[in-house]
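Chemist: Structure of the sequence below:
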Amino acid sequence: MVEVKVEAIRVNLMGSFRAVILKDTASGRSLAIYIGQPEADAIAIQLTGVQVPRPLTHDLIVSILKALGVTVRYVVVNELRNDTYYARIILKTKDAKELSIDSRPSDAIAIAVRIGCPIYVDEDIMLQHGQLPEPEEVEAAESSSEEEEDLGAFSDFLKSLDLDDLDKDKDK
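Modeler: Modelled structure (predicted):
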């Protein structure tokens, strides 16, 4: 198994496609998995720290697991069949019993980012479908680390914008 982190959620502007990009922190390989918009939003909301007034579905699942004394050990994207990825959520019960639950990768990842548990991809899947970064991407990433430090104030400014006001101006 290859441990990965959620690198990004990508949106295809020509359609309603979303993809979660999982990155192998050891090798830099990335795996794109197409997911639904609600699941993409659920992952993005958690990763960006947006506060929601009521629990979303994945928050509810996590609350139920905690109330039952069940912990999520890890999630794994373990299979690709007919162009569809499959995942498992590995749980540990109060009495130390291990359970493996079938899941869509998007739901497993949405739960994992809420709990902070490891996310894995089967080695064969990563070898066959993972993409290595292009050499110029590696150079750009290395040189952008200095630029990202300078964006601190600008990033805070962007977070403070109330984009809902833009729609109000259209009505005038």
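Chemist: Low-confidence ranges, the protein, go.
Modeler: For the chain, residues meeting the criterion pLDDT under 70 lie at 135-172.
Chemist: hey, where'd the strands end up in it?
Modeler: For the chain, applying DSSP state E gives strands covering 2-11, 18-24, 30-35, 71-81, 84-92, 98-103, 119-121.
Chemist: Between the ones you listed, which one is closest to residue 45.
Modeler: Set against residue 45 and scored by Cβ to Cβ, the strands of the chain come closest in strand 2-11, at 10.2 Å. The C-beta positions use only the backbone N, C-alpha and C, and glycine is treated the same way.
Chemist: Are there helices or strands packed against that closest one, and which ones?
Modeler: strand 18-24, strand 30-35, helix 37-48, strand 119-121, helix 123-129 (3 or more Cβ pairs under 8 Å, 6 or more residues apart in numbering; DSSP states H and E).
Chemist: Near the residue nearest to residue 128 when sequence neighbours are not counted, how many other residues are there?
Modeler: With Cβ to Cβ, 6 or more residues apart in numbering as the criterion, residue 128 has its nearest non-adjacent residue at 7.9 Å, and that residue is residue 80. Under the neighbour criterion other Cβ atoms under 10 Å, residue 80 is assigned a count of 17.
Chemist: And residue 80, how far from residue 8?
Modeler: Distance from residue 80 to residue 8, counting by Cβ to Cβ, to the nearest Å: 20 Å.
Chemist: Kindly state the beta-bridge partners for the closest residue to residue 32 other than its chain neighbours.
Modeler: Distance criterion Cβ to Cβ, 6+ apart; nearest residue to residue 32, sequence neighbours excluded, is residue 19 at 4.5 Å. Beta-bridge pairing for residue 19 (DSSP bridges): residue 10, residue 34.
Chemist: Contact partners for residue 19?
Modeler: 9, 10, 12, 32, 33, 34, 35 (Cβ atoms under 8 Å, 6 or more residues apart in numbering).
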